[in-house]
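Participant: Output the structure for:
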Amino acid sequence: MHYGHQAHPSKRQPPGRVARGSVETGDVSRSGKTTQQHPLEHRAWILRLGFRRSLLRPEDSERSDRVTYIELFFDLIFVFALTQLSRYLYANQSWVGALESIILVLALWWVWVYTTWVTNWLDPARLPVRGVVIGLSLVGLVISTSIYDSFGDQGLVFAIAYVALQLGRTVFMVLALARHDPALHATFLRILLWLSVAGMFWIVGALLPLAFRLPAWLIALAIEYGSASLGFRIPGLKAPGVDDWDVSGPHIAERSALFVIIAVGESFLVTGFAFVDQEASAVGIFGLFLAFVNGVAMWWLYFDHGERAGSKAISASNEPGRIARLAYTYVHAIIIAGIVLTSVADKSVLEHPEDAMTLPAAVTIVGGPLFYLAGLLLFRWIVARTLLVSHVVGLGLLALAGAAGALLTPLGLGAVTAVILIIVAAWETIARVRAGTTDDDAG
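Facilitator: Here you go, the predicted model:
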């Protein structure tokens, strides 16, 4: 990963390319494909609303792929958000609680990933962009504080803050693109429409009795995720798709990798607080060690071999938008969910190490690593068409561990799942070494 290093070689502008921010029709994307843009003379009213100065990232400079410190500042909010989410899931280990937690995970991820897409195009070094990111961070903090009681008295606060962040950021993007990238501007107008429809369900759900909040928010998420999967198309309206979006592979990949680090770090926070709140014991120390092993194994599996695959795939693809959308917008949500669930499992193991096994505890302890490996398996298949046999075997072993979970204590099952993650990580490392992949190319 890099902070302010020289731009990735794949971002060098090919001969004859129209630079980003051009108002010509038929701009050429990073992938080399021509994108159709709408003539400006038919959009005069939009131009009057748009910013005169381009806020887009420059094509050929060190800022084109760079992850900036203001983006990392925005990420800090999600350390607290993930901690609140883990706290909520731990306190609500039921099928309804699990569904509510899934809604919260997907909502938080959607906030983060949409902002990442925006800063992929807009230059955070520009003061207006920097100011907007700081404003989004403030609203994100409000979202984070209301997570724990979002299905209680804080539901309206959560919904209003969430909708305000989603719509506010998209409106800013519409204004920033109006004069400088008509095709992308048209896409964000459609995004604004879809988010507005979903926003009504978020707000209405928060106002309705608690029994109706869950289905209303499920509909809202279905609209948001479903519209993205359809390329934000609007029935009856012909518009450019998103598969050939002009995206920066290195930037998207690095931002997602940093979020994985944040999620793993948050799991250490949850476990650490649980450990210091109890009396020291050999069992507690072993539980803390298992949590550390889980974190190391998850880091190793993501960064030792596969982290760079996504960046390379986007840079080489004729459909960079499709790769980025599938591999990072969707699949990484599964990866993050696995890490969050594992942090909850680690806390359960620490606080109830030798209790009789319960179904919620078994599902949590096995489910975290299972989600994580499944996410990595899908990620590598999408970006490299590689079927990771080690991960398939790991998923099978986790399923067997779950089936035998009733015979074990939470500490025992936690030890088994940690060993499975170590086996998969070791398998992948040995396969990498045998394939001749150097440490410099590993992750």
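
Participant: What are the structural domain limits within this protein?
Facilitator: Listed by automatic domain parsing, the domain ranges of the chain are 69-229, 249-441.

Participant: Reformat those domains as JSON lines; add mean pLDDT.
Facilitator: Shown next, in JSON lines, are those (pLDDT from 0 to 100):
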{"stretch": "domain 69-229", "mean pLDDT": "94"}
{"stretch": "domain 249-441", "mean pLDDT": "90"}
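
Participant: who wins for proximity to residue 51 among these?
Facilitator: domain 69-229 (5.6 Å; C-beta to C-beta). Just so you know, the C-beta spots here come from the backbone N, C-alpha and C atoms, and that holds for glycine as well.

Participant: Show me how far the closest one is from its chain's centre.
Facilitator: Centroid separation for domain 69-229 versus its chain: 12 Å, with C-alpha atoms, centre = their mean, to the nearest Å.

Participant: That one: end-to-end distance?
Facilitator: Distance between the boundary residues of domain 69-229 (C-alpha to C-alpha, to the nearest Å) amounts to 30 Å.

Participant: what about the helices in the stretch 301-443 of the chain?
Facilitator: Using DSSP state H, counting those that start in this stretch, the helices found in the stretch 301-443 of the chain span residues 307-316, 320-324, 331-351, 359-384, 389-403, 410-434.

Participant: Tell me which of these lies nearest to residue 201.
Facilitator: helix 331-351 (19.5 Å).

Participant: residues contacting residue 420?
Facilitator: Contacts for residue 420 were tallied using C-beta atoms under 8 Å, 6 or more residues apart in numbering; they are 369, 394, 397, 398, 401.

Participant: hey, which of the helices of the stretch 301-443 of the chain is tucked in deepest?
Facilitator: Across the helices of the stretch 301-443 of the chain, averaging neighbours per residue (mean count of other C-beta atoms under 10 Å) puts helix 331-351 on top, at a mean of 26.

Participant: now for that helix, which elements pack on it?
Facilitator: helix 69-91, helix 95-121, helix 249-276, helix 282-303, helix 359-384, helix 410-434 (3 or more C-beta pairs under 8 Å, 6 or more residues apart in numbering; DSSP states H and E).

Participant: And the longest one, what does it pack against?
Facilitator: In this case it means helix 249-276. Using 3+ C-beta pairs under 8 Å, 6+ apart as the contact criterion, the elements in contact with helix 249-276 are helix 69-91, helix 95-121, helix 282-303, helix 307-316, helix 320-324, helix 331-351.

Participant: one more time with 7 Å
Facilitator: Counting contacts by 3 or more C-beta pairs under 7 Å, 6 or more residues apart in numbering; DSSP states H and E, helix 249-276 is packed against helix 69-91, helix 95-121, helix 282-303, helix 307-316, helix 331-351.

Participant: Put together CSV for those helices, with distance to residue 140 on each row.
Facilitator: Shown next, in CSV, are the helices and strands packed on helix 249-276 (distance: least, C-beta to C-beta, whole Å):
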stretch, distance to residue 140
helix 69-91, 4
helix 95-121, 7
helix 282-303, 24
helix 307-316, 25
helix 331-351, 16
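
Participant: do you know which of those lies nearest residue 217?
Facilitator: Nearest of those to residue 217, taken as C-beta to C-beta: helix 95-121 at 5.4 Å.

Participant: got the angle for the following helix or strand past that closest one vs helix 69-91?
Facilitator: Per DSSP states H and E, the first helix or strand lying C-terminal to helix 95-121 is helix 127-146. Between helix 127-146 and helix 69-91, the angle comes out at 10 degrees (axes from the mean of the first three to the mean of the last three C-alpha atoms, to 10 degrees).

Participant: List the buried residues in helix 127-146.
Facilitator: Neighbour counts over helix 127-146 (16 or more other C-beta atoms under 10 Å) mark 129-130, 132-133, 136-137, 139-140, 142-146 as buried.

Participant: Contacts for that helix, please.
Facilitator: Residues outside helix 127-146 that contact it (C-beta atoms under 7 Å, 6 or more residues apart in numbering): 55, 70-71, 73-74, 77, 80-81, 84, 111, 115, 122-124, 154, 157-158, 161-162, 164-165, 169, 172.

Participant: could you dump the helices of the stretch 301-443 of the chain to TSV with distance to residue 232?
Facilitator: As requested, the helices of the stretch 301-443 of the chain are exported to TSV (distance: least, C-beta to C-beta, whole Å):
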stretch	distance to residue 232
helix 307-316	19
helix 320-324	11
helix 331-351	18
helix 359-384	20
helix 389-403	32
helix 410-434	36
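
Participant: Quick one: buried ones out of the contacts of helix 127-146?
Facilitator: By 16+ other C-beta under 10 Å, these give 55, 70-71, 74, 77, 80-81, 84, 111, 115, 122-124, 154, 157-158, 161-162, 164-165, 169, 172 as buried.

Participant: Skip the chain neighbours and tell me the closest residue to residue 346.
Facilitator: Distances taken as C-beta to C-beta, 6 or more residues apart in numbering place residue 291 nearest to residue 346, at 3.8 Å, with adjacent residues excluded.

Participant: could you check the angle helix 95-121 makes with the helix or strand harbouring residue 185?
Facilitator: In this structure, residue 185 is located in helix 182-207 according to DSSP H and E. Interaxial angle, helix 182-207 versus helix 95-121 (the same axes, to 10 degrees): 150 degrees.
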